[in-house]
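Peer 1: I'll drop the sequence and a predicted model, then ask my questions.
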Amino acid sequence: MTFHLFRLECVRMLRDPRYLALGVVTPIGFYLLFATIFGGDPTRPGELKGTVEIMVAMAAYGAIWGALSATGPRLAHERSSGWLEQLRSMPVTVRQLLVAKLAAGLAVALPALVLVCVTAAAAKDVRLEAWQWAALVPAMWLGTLPFALLGVVVGLLVGPEAAFPLSYGLYMAASALGGLWVPPARLSAPLQDVAHALPTYRLADLGWRIAAGHAPTWADVAVLAAWSAGFVALAVLAQGRGPRRARTGAASAATAG
Amino acid sequence: METAIALDGATKRFGELTAVDGLSLTIGRGATVALLGANGAGKSTTVAMLMGLLPPDEGEVTVAGRAPRQAVVEGTIAAMLQDSGLMPGVTAAELVRLARRMYPAPLRVEEALELAGLRDQARRRVDRMSGGQVQRLKFALVAVAGADTMLLDEPTRALDVQGRREFWSAMRNCAAAGRTIVFATHYLDEVEENAERVVVMARGRVVADGTPARIREAGGRAVVRFRVPAGETLPTLPGEVVREHGWATVRSATPDEVVRRLAASDADWCDLRVSPPSLDDSFLALTGAGPAAQDGSAPHGTPPAQGTPADRRIAAASSAPQADSIARTESAQTQAAKTQAARAESARTAPEEARVR
């Protein structure tokens, strides 16, 4: 059942022009733009080439929006539109539903990740070893999990009007502070400390390390895992009080008689 | 008769408001039952309890002898809820296919879409459907389940006349297949044609329970109309007489007696017609929504009920504790209502009576 829900969730994302614009086309477009402007900057020894660094940053940037937009705004909308109510009257558990949503969030994060890398290789002549590609894409893909979880939290806590701007605002802020727009090395020291605590920076750092020929650090994995655990906890709390707050239960039944 | 649905003293409160108040009701397998009541009568709350969406504060609710949620998970019961919505961005067929996979003994997707009258819209996106089509799709999601019991909360809302006709025809197919069907509505005409049993609810309680014919007799008065020249003297008739535009309209609990007296008199009357009590009148009388009769929805071209003794009956009905059958309700009613109920038991309605459980 979870699989069929998951499949439909993906189908509707791929038919959604807003997702295609923000979650696929935008990161590719930004990559081409930034790689053209800054890609040729001279690099110091040990630093990644601009075209590679920006590839990883934009791949993360696109993947994050895929994961976040498939969960947050959609879940909030479904809570108020009555689709969750409809599912609650069918043989589906809330858990199956949320697992399907999370899986769909991860699934629709993948196109941006892969396509930005393909664009980099094709248009900007980025060359990595085969093992680097094979490690970079799956590692960054798994690294989007905390963002899919954040979406679930947003979707469970916020109404349909607020969910999109809130998701987008968090996304932009975390991307900027996490060094996806400006190389983190160019941020001031206090801002670097902030960046190092953010999952956006850590997601990109997975890719930067692999692209530089190293293994990701334990700090990357630990920070991403910590955010994930925090969001799971929040989601469980929100779910506990969710049904009664949404118009699914008491309120609608009382007014509709 | 196996029991499909049982509520035993079920009570649900929302703060100050008691939405369902000690509701006891048993519905046998294969029955087609209407839950009739005004907005706020407790119909949707009852449906929500039967689907396990709301736990009762008191009392017990079972579906096919199980806890409601278990019956839902096993696919024994499926519901068309009033406030539910659908997943946007997918087609009707995709959504029905999803629902189909959740149930152990489903119908085919094409079959469900056909039943719901959506065969030609199978590939249409949910978010591009009209209100009526969405309503049909919600029915298709229930139909495809192939569940023993179908709960339909105001199923024909947003449907036009043609849509309603098709809907009820589909419903009768489901009923003929042996499914238990319980639908909540406030459309009286739908009740009469599509239910074999009517449970009238008001303020979270059952105020009447019987065949549509019997409900009709329980509260309303028959209407006798005939043409009579202005100024012509009429004999004393049992009932309320209104004369205008050369017509006399008599609203009476004893139409036979009206006709007998007319026939025995010398009055110059013609074009006599007798209409049975309107279901609207009985419904309003039973649920105590007297003033609403002024909205002019009375069938048979009769004038809206005015100054009926409804108020008295309402008071009586609402004070009757646990009034879960006509028999019990009427014991607290006025003599006039008793007379009508007695008439209802006469040969005219006997065949339908036999089906009351």
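Peer 2: That came in fine, so what should we check first? Residues are numbered from 1 along each chain as shown, chains lettered A, B, ... in the order given.
Peer 1: can we go C-alpha only for contacts and neighbour counts from here?
Peer 2: Noted.
Peer 1: Return the distance of the helix or strand hosting B:Phe167 from the chain's centre.
Peer 2: Assessed by DSSP states H and E, B:Phe167 sits inside helix B:161-176. When distances are taken as C-alpha atoms, centre = their mean, to the nearest Å, helix B:161-176 is centred 15 Å away from the chain's centroid.
Peer 1: For A:Cys117, give me its contacts.
Peer 2: Applying C-alpha atoms under 8 Å, 6 or more residues apart in numbering or on different chains to A:Cys117 gives the contacts A:Met55, A:Val56, A:Ala59.
Peer 1: Which helix or strand contains it?
Peer 2: Per DSSP H and E: helix A:94-123 holds A:Cys117.
Peer 1: before we move on, back to that, list of residues touching the helix holding B:Phe167?
Peer 2: Applying C-alpha under 8 Å, 6+ apart, the external contacts of helix B:161-176 come out as B:Gly30, B:Ala31, B:Thr32, B:Leu115, B:Ala116, B:Gly117, B:Gly132, B:Arg136, B:Thr156, B:Ile181, B:Asn194.
Peer 1: what mean pLDDT does it have?
Peer 2: Computed over helix B:161-176, the mean pLDDT rounds to 89.
Peer 1: list the buried ones in it?
Peer 2: Under the neighbour-count criterion of 16 or more other C-alpha atoms under 10 Å in any protein chain shown, helix B:161-176 has B:Gly163, B:Arg164, B:Glu166, B:Phe167, B:Trp168, B:Ala170, B:Met171, B:Arg172, B:Cys174, B:Ala175 buried.
Peer 1: Which residues lie in contact with B:Val258 in this structure?
Peer 2: B:Val224, B:Leu237, B:Pro238, B:Ser252.
Peer 1: Same check on A:Pro73?
Peer 2: Counting by C-alpha under 8 Å, 6+ apart, A:Pro73 has contacts A:Gly151, A:Val154, A:Gly155, A:Pro160, A:Ala163, A:Phe164, A:Ser167.
Peer 1: again, 7 Å this time
Peer 2: The contact partners of A:Pro73, by C-alpha atoms under 7 Å, 6 or more residues apart in numbering or on different chains, come to A:Gly155, A:Pro160, A:Ala163, A:Phe164.
Peer 1: Let me know the closest of the residues you listed to chain B.
Peer 2: Distance to chain B, by C-alpha to the nearest C-alpha, is smallest for A:Pro160 among these, at 14.0 Å.
Peer 1: Show me where the chain has its helices.
Peer 2: Went with chain A since none was named. Remark: helices assigned in chain A by DSSP state H are A:2-14, A:17-19, A:26-38, A:50-81, A:83-88, A:94-123, A:130-142, A:145-157, A:160-177, A:189-197, A:199-211, A:218-245, A:250-256.
Peer 1: hmm, I had chain B in mind actually
Peer 2: Counting by DSSP H, the helices of chain B are B:43-50, B:68-74, B:92-100, B:109-115, B:131-143, B:161-176, B:188-194, B:212-219, B:255-264, B:279-287, B:310-319, B:326-331, B:335-344, B:350-353.
Peer 1: so how far is the second one from its chain's centroid?
Peer 2: Same thing as helix B:68-74. For helix B:68-74, the distance to the chain centre is 26 Å (C-alpha atoms, centre = their mean).
Peer 1: thinking again about what came up before, using CSV, lay out the contacts of A:Cys117 together with distance to A:Arg209 and neighbour count.
Peer 2: Formatted as CSV, those follow (distance: C-alpha to C-alpha, whole Å; neighbours: other C-alpha atoms under 10 Å in any protein chain shown):
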residue, distance to A:Arg209, neighbour count
A:Met55, 13, 33
A:Val56, 10, 27
A:Ala59, 14, 31
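Peer 1: For chain B, tell me which of the residues you listed show up nearby.
Peer 2: The overlap between those and the neighbours of chain B (C-alpha under 7 Å from any C-alpha of the partner chain) is empty.
Peer 1: can you put the contacts of A:Pro73 in a markdown table and add neighbour count and pLDDT?
Peer 2: Below are those laid out as a markdown table (neighbours: other C-alpha atoms under 10 Å in any protein chain shown; pLDDT from 0 to 100):
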| residue | neighbour count | pLDDT |
| --- | --- | --- |
| A:Gly155 | 28 | 94 |
| A:Pro160 | 21 | 92 |
| A:Ala163 | 23 | 95 |
| A:Phe164 | 21 | 94 |
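Peer 1: in stretch A:12-25, what's buried?
Peer 2: Here stretch A:12-25 shows A:Arg12, A:Met13, A:Tyr19, A:Leu20, A:Leu22, A:Gly23, A:Val24, A:Val25 as buried, counting by 16+ other C-alpha under 10 Å.
Peer 1: quick one, the helix holding B:Phe167 and helix B:131-143 angle?
Peer 2: Relative orientation of helix B:161-176 versus helix B:131-143 (axes from the mean of the first three to the mean of the last three C-alpha atoms, to 10 degrees): 10 degrees.
Peer 1: mind checking which of the helices of chain A is nearest B:Met150?
Peer 2: Across the helices of chain A, B:Met150 has its closest neighbour in helix A:83-88 (14.2 Å, C-alpha to C-alpha).
Peer 1: mind listing what B:Ile181 touches?
Peer 2: B:Ala31, B:Thr32, B:Val33, B:Thr149, B:Met150, B:Leu151, B:Ala175.
Peer 1: Could you do A:Arg15 as well?
Peer 2: Neighbour list for A:Arg15: B:Gly89 [criterion: C-alpha under 7 Å, 6+ apart].
Peer 1: thinking again about what came up before, nearest to A:Leu177, of the contacts of A:Pro73?
Peer 2: Using C-alpha to C-alpha, these come closest to A:Leu177 at A:Phe164, 19.9 Å.
Peer 1: where does the stretch 51-200 of chain B have low pLDDT?
Peer 2: For the stretch 51-200 of chain B, not a single residue meets the criterion pLDDT under 70.
Peer 1: Near chain A, which residues of it are found?
Peer 2: Counting by C-alpha under 7 Å from any C-alpha, the stretch 51-200 of chain B sits next to chain A at B:51, B:53-54, B:72-75, B:78-79, B:83-87, B:89-90, B:98, B:101-102.
Peer 1: Just the buried residues out of those, in ChimeraX syntax.
Peer 2: Buried residues within those, by 16+ other C-alpha under 10 Å, are selected in ChimeraX with:
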select /B:51,53,54,72,73,75,78,79,83,84,85,86,87,89,90,98,102
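Peer 1: pLDDT averaged over stretch B:271-286, what's the number?
Peer 2: For stretch B:271-286, the mean confidence score works out to 79.
Peer 1: Just list the residues touching the nearest residue to B:Ser24 once chain neighbours are set aside, thanks.
Peer 2: Leaving aside its chain neighbours, B:Ser24 sits nearest to B:Asp8 (4.4 Å; criterion: C-alpha to C-alpha, 6 or more residues apart in numbering or on different chains). Residues near B:Asp8 by C-alpha under 7 Å, 6+ apart: B:Leu23, B:Ser24, B:Leu25, B:Gly59, B:Glu60, B:Val61.
Peer 1: same thing with B:Ala158?
Peer 2: If a contact means C-alpha under 7 Å, 6+ apart, then B:Ala158 has B:Gly131, B:Gly132 as its contacts.
Peer 1: how far away is it from chain A?
Peer 2: 15 Å (C-alpha to the nearest C-alpha, to the nearest Å).
Peer 1: so where's the stretch 201-350 of chain B shaky on pLDDT?
Peer 2: The model of the stretch 201-350 of chain B has pLDDT under 70 over residues B:219-220, B:288-350.
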